[in-house]
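1. I'll drop the sequence and a predicted model, then ask my questions.
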Amino acid sequence: PPLFLTVEWLYRRNSVQHVVFVALVMAAQLTGGRTELCLYTLTAGGLYYLFRVVSTWWSNRQSRPAAICLLSFSVAAILGFALASIQLMPFWEWLQQSAVFQLRSGAVDLRTTRVGLMYWLPGIPLMILPNLFGNPTWPGTYISFLPGWNIAEQALYVGIIPLALAMVVTIVRRHEKLVLFLAVLGVATLGL
């Protein structure tokens, strides 16, 4: 939310102060851990900003303000990465030593890992309702019967009420470009 808020501020009023806000939020996100989640969030924020700028450009066909907006966002991103570089540089060095990095780059044989429908398909109900069969933080013994299941990593639950409200808003305001863009972005994000 802070990224989307500061990106919206930057879109509405292009100023040095708002560039700095976006950069600080990006740097905080980059130094907070969870690299993949950070990549998803920064990509979504960037796509949102690009959508807003392109929509405005499409309406008035003025290239100069759109170029200035894109330049200011680029400066904010570069500044955010520069501020986070104190953590990103050692991370990159250690990432190359990681087993996960070697697996995803093809250096390790995929047959030794748990990949495929038989490993994630049984977990779909638990992605939506993670406590369906219990929770390891609850008293008593928790036994995961799903192969490769890690409740902390694979739970997707964000709440039934927010999902229902998001669908209602999308249906009611389906004629607005921004609402449709956010709905597509939300579905793509849930897919990731």
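-> Sure, I can see it.

2. Helices of the chain, start to end?
-> Secondary structure of the chain (DSSP state H): helices located at 2-12, 16-31, 35-60, 63-95, 99-105, 117-120, 124-128, 151-154, 160-172, 177-191.

3. Residues touching the last one, excluding its own?
-> Put plainly, it is helix 177-191. Residues outside helix 177-191 that contact it (C-beta atoms under 8 Å, 6 or more residues apart in numbering): 40, 44, 47-48, 51-52, 55, 156, 166, 169-170, 173-174. Quick note: C-beta positions are derived from backbone N, CA and C, even for glycine.

4. out of the residues you listed, which are buried?
-> Neighbour counting with 16 or more other C-beta atoms under 10 Å marks 44, 48, 51, 52, 166, 170 as buried within the contacts of helix 177-191.

5. What number of residues are in the vicinity of the spatially closest residue to the third one that is not a sequence neighbour?
-> This means residue 51. Leaving aside its chain neighbours, residue 51 sits nearest to residue 181 (5.1 Å; criterion: C-beta to C-beta, 6 or more residues apart in numbering). Using other C-beta atoms under 10 Å, residue 181 has 15 neighbouring residues.

6. Also the one 3 residues further on?
-> Summarising burial for residue 184: neighbours were counted as other C-beta under 10 Å, giving 13.

7. rewinding a little: a markdown table for the contacts of helix 177-191, including pLDDT and distance to residue 9?
-> What follows is those, written out as a markdown table (pLDDT from 0 to 100; distance: C-beta to C-beta, whole Å):
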| residue | pLDDT | distance to residue 9 |
| --- | --- | --- |
| 40 | 90 | 21 |
| 44 | 93 | 17 |
| 47 | 95 | 17 |
| 48 | 95 | 12 |
| 51 | 95 | 16 |
| 52 | 94 | 11 |
| 55 | 93 | 17 |
| 156 | 64 | 30 |
| 166 | 88 | 23 |
| 169 | 92 | 22 |
| 170 | 93 | 24 |
| 173 | 94 | 22 |
| 174 | 91 | 27 |
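
8. Find the pair from the residues you listed with maximum spatial separation.
-> Pairwise distances across the contacts of helix 177-191 peak at 29.9 Å for 55 and 156 (criterion: C-beta to C-beta).

9. Okay, the residue nearest to residue 51 and residue 52: tell me how far apart.
-> Distance, residue 181 to residue 52, by C-beta to C-beta, to the nearest Å: 9 Å.

10. distance of the residue of the chain most remote from its centre from residue 26?
-> Computed with C-alpha atoms, centre = their mean, the residue of the chain farthest from its C-alpha average is residue 140, at 34.1 Å. To residue 26, residue 140 is 42 Å away according to C-beta to C-beta.

11. Same check on residue 90?
-> Counting by C-beta to C-beta - residue 90 and residue 26 are separated by 18 Å.

12. Name the residue in those two with the higher neighbour count.
-> When neighbours are counted by other C-beta under 10 Å, residue 26 comes out ahead of the other of residue 90 and residue 26, with 28 against 10.
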